[in-house]
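Engineer: I need the structure of the sequence given here:
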Amino acid sequence: MKLKPKDFIEIEFTGKVKDGEIFDSNIKKDLETAKLNVEAMPFIFCLGEGMFLQGVDNFLTGKDLGKYEFELEPENAFGKRDAKLIQMIPSKVFREHQTNPVKGAMFNFDGRPGKILTVSGGRIIVDFNNPLAGKTVVYNINVLRKLDSQDEKIKSLINFLFRKDFKFEVKEKKLFIDVDKGFKQFAELFKDKFKDIFDLDLEVKEIEEIKEKSRKKNN
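Structural biologist: Residues are numbered from 1 along each chain as shown. You can find the predicted model right below:
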């Protein structure tokens, strides 16, 4: 049973840089070893849909269920370091946000994480490269199973995209999802993703909207 794009698979995995430092995992003992404050949970994703590192997707495509260990060079992992991503940020930017720049600290600059390299007067040098850029990484992956149930696949994708367990229903060629109030517009951004993977047209309803319609029907 060779794995192919659009297959949903459940894996156990640990990623580490080549010198042995663990940077990601869903295995409890490895998370504890690396002192990563992350809950050990099953990880399910769809191959070839940008839900995991592309280098991992590429490696697993064509493989069978089972255990694998493999290396990824920087260009197939988190990219090479780019000197253009090391930039000077005026100290007034930090003052405006009431933060104190300290060497080694990580900050979020309009959605871009950056690490402060140096602090000298009004000149703050920030590195916007991924912390793992330029590094060869090693993955240990155990492909536990391939999902067959459409409902389980849809539930997994909803959890992955929204980090919530929304109620859903498939009728004919449509997928109906009930979401929290204020979440509808965000959920609708993924219409193309659901169409591409499941060939289903996404229809999103907010829970408050559903309750209101129910009250009107009963009155």
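Engineer: Provide the secondary structure category for residue 197.
Structural biologist: helix (DSSP: H, G, I helix; E, B strand; the rest coil).
Engineer: so for residue 86, what's the pLDDT?
Structural biologist: On pLDDT, residue 86 comes in at 95.
Engineer: before we move on, what about residue 211?
Structural biologist: 51.
Engineer: per-residue pLDDT, the residue positioned nearest the centre of the chain?
Structural biologist: Note on the chain: the residue nearest the mean C-alpha position is residue 51, at 5.9 Å, using C-alpha atoms, centre = their mean. With respect to pLDDT, residue 51 has a value of 96.
Engineer: is the nearest residue to it once chain neighbours are set aside in a bridge, and if so with what?
Structural biologist: Among residues not flanking residue 51 along the chain, residue 45 sits closest, at 3.9 Å (C-beta to C-beta, 6 or more residues apart in numbering). Bear in mind the C-beta positions are built from the backbone N, C-alpha and C, glycine included. Beta-bridge partners for residue 45, by DSSP bridges, are residue 9.
Engineer: and residue 45, what does it touch?
Structural biologist: 8, 9, 11, 51, 52, 156, 160 (C-beta atoms under 8 Å, 6 or more residues apart in numbering).
Engineer: out of those, which are inside strands?
Structural biologist: 8, 9, 11 (DSSP state E).
Engineer: by neighbours, which of those residues wins?
Structural biologist: When neighbours are counted by other C-beta atoms under 10 Å, residue 8 leads those with 23 neighbours.
Engineer: wait, that residue touches residue 151, no?
Structural biologist: No - applying C-beta atoms under 8 Å, one finds residue 8 not in contact with residue 151, separated by 11.4 Å.
Engineer: what is the neighbour count of residue 46?
Structural biologist: Using other C-beta under 10 Å: residue 46 sits among 23 other residues.
Engineer: check what pLDDT it gets.
Structural biologist: pLDDT, residue 46: 98.
Engineer: ok, it touching residue 3?
Structural biologist: No - assessed by C-beta under 8 Å, residue 46 is found out of contact with residue 3, at 10.9 Å.
Engineer: how does this protein divide into domains?
Structural biologist: 1-78+135-147, 83-127, 149-219 (automatic domain parsing).
Engineer: and the closest residue to residue 183 other than its chain neighbours, how far is that from residue 49?
Structural biologist: Computed as C-beta to C-beta, 6+ apart, the closest residue to residue 183 that is not its neighbour in sequence is residue 206, at 6.9 Å. Distance of residue 206 to residue 49, given as C-beta to C-beta, to the nearest Å: 26 Å.
Engineer: doesn't residue 34 make contact with residue 21?
Structural biologist: Yes - between residue 21 and residue 34 a contact is recorded at 7.4 Å, counting by C-beta under 8 Å.
Engineer: in terms of neighbours, single out the busier of the two.
Structural biologist: residue 34 (16 against 12).
Engineer: how far away is that one from residue 13?
Structural biologist: 13 Å.
Engineer: coming back round to it: now the contacts of residue 45 in TSV, with distance to residue 110?
Structural biologist: Formatted as TSV, the contacts of residue 45 follow (distance: C-beta to C-beta, whole Å):
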residue	distance to residue 110
8	34
9	34
11	33
51	25
52	26
156	31
160	25
